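Undergrad: Take a look and give me a structure for this.
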Amino acid sequence: MRMLFFVSGLTCQECADKLEAHIQKQPGVNGAALMVTGRFVIDCDEEYADAIANEVLVSAPKAQGEVRAKRIQ
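TA: From the prediction side, this is the model:
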């Protein structure tokens, strides 16, 4: 299954890298890529999709101050 998020407010590459790495370590994630445009593409097993989506929404603001994440697909 492929999920797509839009992440806004990240101004630090190190913070973006940490968020991407954190999501890649989640159970059921087969791959994740956070693009410089804010698109965050995650390939995951369908049974883990809800938990992973929630983790993105919770973890993004922790990565850096005013960061927001929104699922768009």
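
Undergrad: switch to C-alpha atoms for all contacts and neighbour counts from now on
TA: Fine.

Undergrad: in this protein, what spans have low per-residue confidence?
TA: Along the chain, no part satisfies pLDDT under 70.

Undergrad: helices and strands around the longest helix along the chain, which ones?
TA: Criterion DSSP state H: the longest helix present in the chain is helix 49-63. Secondary-structure packing of helix 49-63 (3 or more C-alpha pairs under 8 Å, 6 or more residues apart in numbering; DSSP states H and E): helix 13-24, strand 68-71.

Undergrad: And the contacts of the last one?
TA: Residues from elsewhere that reach strand 68-71, judged by C-alpha atoms under 8 Å, 6 or more residues apart in numbering: 3, 4, 5, 6, 7, 8, 9, 53, 56, 57, 60, 61.

Undergrad: partners of it in the sheet?
TA: Using DSSP bridges, the strands paired with strand 68-71 are strand 2-8 (antiparallel).

Undergrad: Show me which positions of the strand it pairs with end up buried.
TA: 3, 4, 5, 6, 7, 8 (16 or more other C-alpha atoms under 10 Å).

Undergrad: so that strand versus helix 13-24, what angle?
TA: Relative orientation of strand 2-8 and helix 13-24, computed by axes from the mean of the first three to the mean of the last three C-alpha atoms, to 10 degrees: 150 degrees.

Undergrad: Need the contact partners of strand 2-8.
TA: By C-alpha under 8 Å, 6+ apart, strand 2-8 touches 38-44, 49, 60, 67-73.

Undergrad: next one: stretch 26-34
TA: So stretch 26-34 is contacted by 16-17, 20, 23-24, 40-45, 47-49, 52 (C-alpha under 8 Å, 6+ apart).

Undergrad: Pull out the buried members of those residues.
TA: 16, 20, 23, 24, 40, 41, 42, 43, 44, 49, 52.

Undergrad: Ignoring the adjacent residues along the chain, who's closest to the last one?
TA: Closest residue to residue 52 in three dimensions, ignoring its sequence neighbours and counting by C-alpha to C-alpha, 6 or more residues apart in numbering: residue 26, at 7.1 Å.

Undergrad: Next, count neighbours for residue 34.
TA: By other C-alpha atoms under 10 Å, 19 other residues sit near residue 34.
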